[in-house]
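# show me the folded form of this:
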Amino acid sequence: MTLNGVAARTPDGRGLFDNLTLAFGRERTAVVGRNGVGKTTLLRLIASLAEPAEGAITRAGTVGWLAQTQTPQEDETVAETLGVAAPLAVLHRVLAGEGSLDDMAEAEWTLEERMQTALAEVGLAHLALDRRTAELSGGEQTRLQLAGLKLAAPDLLVLDEPTNHLDADARAMIAEVVAGWPGGVVLVSHDRALLRRVDRIVELSSLGARVHGGGWDLYVERRDAERAAAERDLDQAERAVGRVQRENQAAQERQARRDRAGKAARASSSDPKILLDAQAQRAEESGARGQRLADRKRQAAEGDLAQARERVERVRQMALAMPSTGLPAGRMALNLSEAVVTADDGRRLLGPISLHLTGPERIAVVGPNGSGKTTLLKLIAGLTEPSSGSAERPVQASLLDQQTAVLNSDETLVEAWLRLNPQGTPNAARAALARFLFRNVQADRRVSELSGGERLRAALACVMTGTAPPQLLVLDEPTNHLDIDSVEAVEGALASYDGALVVVSHDPDFLAAVGVERRLVLAGGQVQASITP
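Numbers count the residues shown, from 1 in each chain. As a prediction, the model looks like this:
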């Protein structure tokens with residue numbers, strides 16, 4: 001597949017990228033870039049789900065598409081999602097002796113064997129073909145879509161955030177599929193374990209695309225080297241502007257001395273006036289040339305400084321400063337003792353579970369989907385009370401879930417901050433939001449207008465910058481829907497957080513970056529293991 005001079009626009013006409021020229025073959029390509037730059041739009045163009053605003057796309061093979069979210073029809077069956085309902089009906093008619101000559105010609109005799117193999121490879125070997133797809137969990141639907149792609153065997157596989165909402169086993173399965181795909185793969189993901197399996201990375205921005213050979217670790221090494229070079233360039237540009245300013249000042253002072261000396265000499269000279277006027281004009285022209293040269297040097301130096309600042313600002317602008325909570329090292333932050341949580345119908349959802357946190361301890365809760373992780377987080381944060389056993393929460397806790405439900409979609413960021421910090425003032429709200437990069441009019445944006453990364457940043461700003469920041473922070477899959485720059489910014493913020501932290505995440509890079517000290521492995525609503533890395 002080749003993209004030649006391709007441009008994309010949003011429905012309101014805003015440009016995403018322009019004059020994009022790329023080729024995709026039998027290699028694994030990851031597309032990275034900040035949210036809103038057009039990564040999913042690029043994938044949709046590749047998959048023929050959208051048309052470019054400009055340019056041309058040439059395709060010489062079949063393309064398979066795995067969307068970020070699946071939306072099956074209400075009555076859609078597993079067989080229909082797999083794309084085998086019609087060929088299975090043909091095969092069954094033939095095997096029952098009811099097929100026509102056309103059925104005999106179309107029958108795929110190996111279909112059932114290939115279908116069972118594909119389902120087994122994605123962990124759905126016992127899934128009934130007549131079951132409704134909508135009844136499956138999000139992770140199961142992703143696995144099912146992937147099995148359908150294995151059956152179709154397209155030349156180019158296009159994946160949009162394929163590991164979102166998947167547990168560790170499913171993420172590993174996706175990585176194996178990508179690594180072993182016989183054709184080409186193009187994917188968007190912030191899963192760094194998956195990005196390590198690719199052959200090249202395309203960094204997308206409003207300026208176009210830059211292609212980096214190799215996987216994630218090599219890309220980061222080069223990116224960090226470029227950032228360090230940008231910092232050095234900024235330092236050199238700042239020194240150059242200072243040097244030019246000093247040189248200009250010295251030149252102006254020398255010229256002023258010459259002018260004063262010239263005037264004094266003219267006043268005492270007996271030379272003819274025409275000669276003195278010519279000397280004065282030459283001196284004035286020389287001074288003007290010197291000033292023009294000095295102005296050009298100053299403008300060039302200031303232009304270099306502006307460019308250097310822009311390059312560095314793009315790196316620095318995501319840094320988040322977390323305030324201190326003052327949690328003492330020996331203070332108990334949480335104590336669960338044989339706590340059990342049951343549903344309204346009496347079903348046990350969690351427990352019995354005992355968990356003790358002291359000081360700024362950092363715990364990760366891991367386990368397969370449906371193991372009770374979210375229920376445990378709600379219990380820790382005080383949003384759910386135990387049906388039996390006890391829960392002591394001697395410090396203030398805040399839960400930030402995947403939907404950042406602490407924020408209301410119809411309120412502005414200033415309104416959200418004031419609601420969560422009723423003792424504060426509008427000026428304090430704006431100052432606090434500015435610390436998390438919502439400056440000036442950005443603080444008046446409505447929550448509904450924010451991207452996933454911006455919502456998490458806004459939620460952190462609202463709960464962490466009040467008069468009493470929570471000493472226990474509880475996070476449920478905080479990196480879902482974030483671009484990698486935002487993930488790294490959140491990692492840096494949480495690494496500097498001095499309170500206790502409990503986090504659900506399937507991202508091992510994230511858990512290592514925030515300094516997790518212990519992992520609780522849940523299964524069936526109970527702790528199966530407590531692991532110290």
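
# next one: the nearest residue to R210 once chain neighbours are set aside from T29, what distance?
Residue nearest to R210 in three dimensions, not counting chain neighbours: E203, with 4.6 Å by C-beta to C-beta, 6 or more residues apart in numbering. Just so you know, the C-beta spots here come from the backbone N, C-alpha and C atoms, and that holds for glycine as well. Taking C-beta to C-beta, to the nearest Å as the measure, E203 falls 11 Å from T29.

# tell me which of those two has more neighbours.
T29 (21 against 16; other C-beta atoms under 10 Å).

# how about that one, nearest residue that isn't a chain neighbour?
T29 sits nearest to V186 (C-beta to C-beta, 6+ apart), 4.9 Å away.

# what helices or strands is the longest helix anywhere in the chain leaning on?
Counting residues, the longest helix found in the chain (DSSP state H) is helix 216-268. Applying 3 or more C-beta pairs under 8 Å, 6 or more residues apart in numbering; DSSP states H and E, one finds that helix 216-268 contacts helix 192-195, strand 200-205, strand 208-213, helix 273-316.

# let's see it at 7 Å
helix 273-316 (3 or more C-beta pairs under 7 Å, 6 or more residues apart in numbering; DSSP states H and E).

# quick one: mean pLDDT over the helix it packs on.
What helix 273-316 shows for mean pLDDT is 61.

# show residues contacting the following helix or strand past that helix.
As assigned by DSSP states H and E, the chain's next helix or strand after helix 273-316 is strand 332-342. Applying C-beta atoms under 7 Å, 6 or more residues apart in numbering, the contact partners of strand 332-342 are 327, 348-359, 375, 379-380, 384, 386-395, 471-472, 500.

# state the mean pLDDT of strand 332-342.
Rounded mean pLDDT across strand 332-342 is 91.

# show me what that strand pairs with in its sheet, parallel or antiparallel.
Each strand paired with strand 332-342, and its direction, by DSSP bridges: strand 348-358 (antiparallel), strand 388-392 (antiparallel).

# tell me what the helix or strand containing the residue nearest to T29 is packed against?
Using DSSP H and E, V186 sits within strand 184-188. Helices and strands in packing contact with strand 184-188 are listed as strand 28-32, helix 39-46, strand 156-160; criterion 3+ C-beta pairs under 7 Å, 6+ apart.

# check these for me and report the most buried one.
Mean neighbour count (mean count of other C-beta atoms under 10 Å) peaks for strand 156-160 among these, with a mean of 25.

# next SSE after it?
helix 168-180.

# need the winner for burial among the strands paired with strand 332-342.
strand 348-358 (a mean of 19).

# for that strand, output the C-alpha coordinates as CSV.
Provided in CSV are the C-alpha atoms of strand 348-358 (Å, rounded to 0.1, in the frame of the first residue of the first chain):
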residue,chain,number,x,y,z
ARG,A,348,-20.2,-12.7,46.5
LEU,A,349,-18.2,-10.2,44.4
LEU,A,350,-15.1,-9.9,46.5
GLY,A,351,-13.4,-11.4,49.5
PRO,A,352,-12.7,-12.3,52.1
ILE,A,353,-9.7,-10.0,51.6
SER,A,354,-7.3,-8.4,54.1
LEU,A,355,-5.0,-5.6,53.0
HIS,A,356,-2.8,-3.2,55.0
LEU,A,357,-1.1,-0.1,53.7
THR,A,358,1.4,1.9,55.7
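
# the helix or strand that it is followed by packs against which elements?
Downstream of strand 348-358, the first helix or strand assigned by DSSP H and E is strand 362-366. For strand 362-366, the elements it packs on are strand 500-504, strand 518-523, judged by 3+ C-beta pairs under 7 Å, 6+ apart.

# redo the ones you listed as JSON lines? Include mean pLDDT.
Formatted as JSON lines, those follow (pLDDT from 0 to 100):
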{"stretch": "strand 500-504", "mean pLDDT": "92"}
{"stretch": "strand 518-523", "mean pLDDT": "86"}
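
# could I get those strands in TSV, plus columns for mean neighbour count and distance to R192?
Output for the helices and strands packed on strand 362-366, formatted as TSV (neighbours: other C-beta atoms under 10 Å; distance: least, C-beta to C-beta, whole Å):
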stretch	mean neighbour count	distance to R192
strand 500-504	24	16
strand 518-523	17	18
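
# can you list the ones you listed in TSV and add distance to A493?
Output for those, formatted as TSV (distance: least, C-beta to C-beta, whole Å):
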stretch	distance to A493
strand 500-504	11
strand 518-523	21
